[in-house]
Structure formats: C-alpha cells, structure tokens
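1. coordinates for the following, if possible.
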Amino acid sequence: MWVTQSFRASRLIAPVTDPYPSLILTVPRQRWYGAAVQVTLHKRSLFSLINDSPSCLTVPLCLAAGTALLALHAGCVLSLCADAGAVSTEADPRPLSQLVNEFFKTEDADHARQVLTEILGNPQADLTSVETIIRAGPPYGTGPVGRQAGIPLRVGNRTYQYGLYVPLSYRPTKGYALVVCLHGAGFTGDAYLERWQARLGDDYILACPTFVQGAWWTRQAEELVLATIRAVQARYRIDLDRIFLTGMSNGGIGVWLIGSHQAPLFAGLAPMASGLDDVLFPFLENLRHTPTYLIHGLKDQVMPVELSRSIAKELTRLGYPFVYREHDRVHSIAGGHYFPREELPELVAWFGARRREPFPKKVTVVRDATHLISFGWVRIDATDRIAALTENLTDTRDETIVNRVYAKLEAEIVAPNRVEVRTQRVRRYSLFLNRWLVDLSKPIIVVTDGRLSYEGPVISSVETLLREARLRQDRRMLFPVLLSLPVEGEP
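-> Next up, the predicted model:
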C-alpha cells in the first residue's frame, strides 16, 4: 500500500534595483507568504542633500530640491509596491483545472513531476475536484472536419502517418465513437480511410494509421495504434467507452494481438480474414469483456478460413461473447480474401450496440514478460520465468513459447469489499481500486490462491489518481487506491 506525502514549495522574490542611480532600492530575499517588502535609501537622504551646499544655491532652493527628492522617493516606493503586487498576482497558484490537464497531456517526464508537485501543493486539489477535472477533460474547439490524409505522428524516435475522417457535422460538445482501422500488406492508412469513410456515416470518427508492410504484430505497431488513439483524443471529443479496433488480413492479426494486450481500452474488436499462431491463443483469455466480430471468406486462399474457425472454437470454449460470419463471395482480384460490402450493415449495427464495461467485477489477464502493464484494475508486476515475445513475436521459439509458458491472473470481487485472486507463475501483483469496485471507507479483504493477503483499510491518494490517469491516458479509468501484494510460494 502506497502512502504519499506532499509539500508546498515556497516562492522567492529576486532583488529589485531602481533605475535611478542615487536611489538604489533593494528588496531582500524573503519567503513569499506573509513577507513584507522592505525598501532602504542606499546613498543619499534628505539631510545629506541639504548639507551638500555646493549643490544648492539657497536654503529655500535646497528645501525645494529636498521636497522634490522625497516626492520622487515616495513615488519609487509606491511604484515598487505596485510592482510587487503585480508579481504577487502572477505568482498566485495556477487554476487547478489548468494544472491537471497540463499534467495529463505533457510527454515530458520532468515537467510532469514539476506540475504534479504544484498540484499536490494546491489546497483545492482534493480527490473529488481532481477526479471531476480529469473526467471533464479540456475544452474542445471545432477542429478540422472531413477527410484528412497523411497526418504526421511522432512515436519515440520515428515519424509515422495516419489518415483521419471527422464527420462534417462534428460538434465539440458531443462524444463520438472512434474506429481505428489497420490496413493489410501493400496498402496504407489513407487508402483504407477512403474505403471506410462512406461505410460508417456521421456517428463515427475514423483513424487509419500506416505501418510499413502492415506488420501490425510488432511492438512498434502496438505503440503506433495507442499513439494514434491519444492523438485523436487530444483533438476531438471521443466517447472513451466506444473505441473499436478493426483490420483486414495483416491488420486483422494486429487486431487480435493489440486488442488482446490492450483489451480494457476497447468496446469491441472486428478482425477480418486473419488469424493467430496457436502459441498465442492463451492471450484470447484477455477478451472476457471485449466482444469480437469475425468475418472470413470461405474461399480465402491467402489466409485459410480455418484460422478464424479455430479462434471461434477457442472463444466458444472460453464462453466469451463473439459473432462469427463466413461468406462465400469471390472478388475479381482478391478472390475470397476481402471484406464484402454486403457484410457492412450488420457490422456497423454491431458497433452501434457496443459499449465498454470499464469496471467489470471479474478480470482475467495473461501476460508474457514484455507486457507487464496495467490491465483494467489489475497488473502483474513480477513473475517466474515465462515466455518473452520478441519484436516479431514468435521468430525465436524457445521452450517457453512452444509450451505457452505465460503468467496468468484472475481477480474477482466475490462479495462487497472482498477480492479473490488466482495466479499462475506470478510473484507480485497490484490491484487498483475505486468507488465503483469497492466501498473505500471500509476495510478490504484480499485472498490470493486461497490465502489471506491483505485485510485492512485503504488510503485514497490524489497522487495515485493522477499518476495512473496519466499513465493510462484514459479519463474514465480512474483509480485513487493502489495495493501491491506479494504472492506466497507453495508451503
């Protein structure tokens, strides 16, 4: 259990120098809160000026000069005080909403730490206020609408492109469903943008990234898909519970893999004319709450229909929700390896009926060693020796991959404030909790593999809430409580 303590940073005023050489006014360094501005006459006073007779022809003239000097001195003091007041106004804490949104969107880790410190020092930064700001997000403008091809997107040290279509009727006050479409080999995102735009209508925003040769099974491709979603969310108001991932051929393989690793992000997956290597089948268990819509051609000679049939069989065994459609149509060029427009109306209707369930009471996650990241309200943190997929997935088949040696965790809220966890090859894991899952005002019981792991209160933290929200880039998946627990070995 993590407990966070925050500190308020004090602001300092640097020395201020008056422009007049005979009156140098200094403001000593003081702590900002409750500090008084002190001003001292550094060089000449009224009396020194009066006693300096060569500078004055007569006493009245000296008195007049002295009076003028006093007036100038007073004016300088008033001016300085006014300036100090102006500095005070500028140094006042920035609005909490500005800070939270800045922390959420910045990609600079050092800047994020600075903003986080500023947020934690803000007396208005309580859980309710911060959560409300995160959920609301920043105000959206109108933004460009229509078809937008070749939008550059920087991911790591590489620049990619994606095509985007925004309905002409787009309104920034309305949340839109987002469909991310992955192209096949030999195509681009812009080419798919043109194909899909007319199919979806004005209720969806469509994003089609481009990845070389359609190698969507790589980790770089996964990062590109996630970056595309974040980029669109930053510009347009997206309904976070209605994000869909679809793709054809190689793109469909990416849908299965990226969709399985990132299942809590999506309301549904629609892979077409694709499949999976059977050593990757265990990742299908991650789709407990992510329904799928499969389409495959009976006469597909590029990717045999048996690939989708075997996945449908596995989903049936798991008892997971899915729709499987086979067609016997043949394209003049592609043969059976294509998506017939006749299948479109039912798929779009299926999109329209789906919404993500952000906080299910039971979750299942299967991980290899390269994907120990958050999955909804759980995360596998440490494991025994398990398979570590390479950039190209299964190009290196050691015994852990061949034998499907992965880590697995199932967590379920079986009763109010009681969580039961079952693990395989897991040494440590974390639970992320919120008020939609448990009553945070009451003690929590966690049982792992039949043994009591934790019993007691939990502490809600603004810092945990902010860190997790920024890490996930999901304004709906908010968790103010983090419990990190070890898994005991066999007795």
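
2. hey, where'd the helices end up in the stretch 251-400 of the chain?
-> 306-318, 344-352, 399-402 (DSSP state H, counting those that start in this stretch).

3. the stretch 101-250 of the chain too?
-> Counting by DSSP H, counting those that start in this stretch, the stretch 101-250 of the chain has these helices, from start to end: 109-120, 127-136, 189-200, 219-235, 250-261.

4. list the buried residues for the second one?
-> Just to be clear, that refers to helix 127-136. 127, 130, 131, 133, 134 (16 or more other CB atoms under 10 Å). Placement of C-beta: from N, CA and C, glycine included.

5. how about the helices of the stretch 101-250 of the chain, which one is nearest residue 439?
-> The closest of the helices of the stretch 101-250 of the chain to residue 439 is helix 127-136. By CB to CB, the value is 14.8 Å.

6. the closest one packs against which elements?
-> Judged by 3 or more CB pairs under 8 Å, 6 or more residues apart in numbering; DSSP states H and E, helix 127-136 is in contact with helix 96-105, helix 462-472.

7. and those as a markdown table, adding distance to residue 229, mean pLDDT and mean neighbour count?
-> Shown next, in a markdown table, are those (distance: least, CB to CB, whole Å; pLDDT from 0 to 100; neighbours: other CB atoms under 10 Å):
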| stretch | distance to residue 229 | mean pLDDT | mean neighbour count |
| --- | --- | --- | --- |
| helix 96-105 | 14 | 94 | 19 |
| helix 462-472 | 12 | 96 | 20 |
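
8. those: which one's closest to residue 182?
-> When these are compared (using CB to CB), the closest one is helix 462-472, at 21.6 Å.

9. now do that closest one against helix 96-105, angle only.
-> With axes from the mean of the first three to the mean of the last three CA atoms, to 10 degrees as the basis, helix 462-472 and helix 96-105 are set at 50 degrees to each other.

10. dump helix 462-472 to PDB, keeping only the CA atoms.
-> Presented in PDB, the C-alpha positions along helix 462-472 are these (Å, rounded to 0.1, in the frame of the first residue of the first chain):
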ATOM      1  CA  VAL A 462      -4.700  12.200  -5.200                       C
ATOM      2  CA  GLU A 463      -1.100  11.400  -6.400                       C
ATOM      3  CA  THR A 464      -2.100   7.800  -7.300                       C
ATOM      4  CA  LEU A 465      -5.200   9.000  -9.100                       C
ATOM      5  CA  LEU A 466      -3.100  11.400 -11.200                       C
ATOM      6  CA  ARG A 467      -0.200   9.100 -11.900                       C
ATOM      7  CA  GLU A 468      -2.500   6.300 -13.100                       C
ATOM      8  CA  ALA A 469      -4.700   8.600 -15.200                       C
ATOM      9  CA  ARG A 470      -1.600  10.000 -17.000                       C
ATOM     10  CA  LEU A 471       0.000   6.500 -17.500                       C
ATOM     11  CA  ARG A 472      -3.200   5.000 -18.900                       C
END
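
11. so what touches it?
-> For helix 462-472, contacts defined as CB atoms under 8 Å, 6 or more residues apart in numbering pick out 2, 4, 6, 100, 103-104, 112, 116, 119-120, 125-127, 130-131, 134, 374, 432, 475, 477-482.

12. what packs against whatever helix or strand residue 413 lives in?
-> For residue 413, the host element (DSSP states H and E) is strand 407-415. Applying 3+ CB pairs under 8 Å, 6+ apart, one finds that strand 407-415 contacts strand 362-367, strand 378-383, strand 418-424, strand 426-433.

13. which residues are in contact with residue 134?
-> By CB under 8 Å, 6+ apart, the neighbours of residue 134 are 100, 104, 465, 466, 469, 475, 478.

14. measure the spatially closest residue to the second one that is not a sequence neighbour to residue 127 for me?
-> In this case it means residue 104. Leaving out its chain neighbours, the residue that sits closest to residue 104 by CB to CB, 6 or more residues apart in numbering is residue 470, at 5.5 Å. Residue 470 sits 16 Å away from residue 127 when distances are taken as CB to CB, to the nearest Å.

15. what's the weakest-modelled helix or strand in this protein?
-> Within the chain, confidence by mean pLDDT, DSSP states H and E is lowest for helix 46-51 among all helices and strands, at a mean of 35.

16. picking up where we left off before, what's the closest of the helices and strands packed on helix 127-136 to residue 242?
-> helix 462-472 (17.1 Å).

17. give me whichever of the helices of the stretch 101-250 of the chain is most buried.
-> helix 250-261 (a mean of 26; mean count of other CB atoms under 10 Å).

18. distance between that one and the chain's centre?
-> How far helix 250-261 lies from its chain's middle: 20 Å, per CA atoms, centre = their mean, to the nearest Å.

19. so what secondary structure elements neighbour it?
-> strand 176-182, helix 219-235, strand 238-248, strand 268-272.

20. list of residues touching the longest one?
-> In this case it means helix 219-235. Outside helix 219-235, the residues touching it (CB under 8 Å, 6+ apart) are 105, 140, 143, 151, 153, 155-156, 158, 160, 162, 164, 178, 180, 182, 205, 207, 209, 211, 215-216, 238, 240, 243, 245, 254, 257-258, 261-262, 265, 370, 391, 473.

21. now which of these would you call buried?
-> Buried among the contacts of helix 219-235 (16+ other CB under 10 Å): 140, 151, 153, 155, 160, 162, 164, 178, 180, 182, 205, 207, 209, 211, 215-216, 238, 240, 243, 245, 254, 257-258, 261-262, 265, 473.
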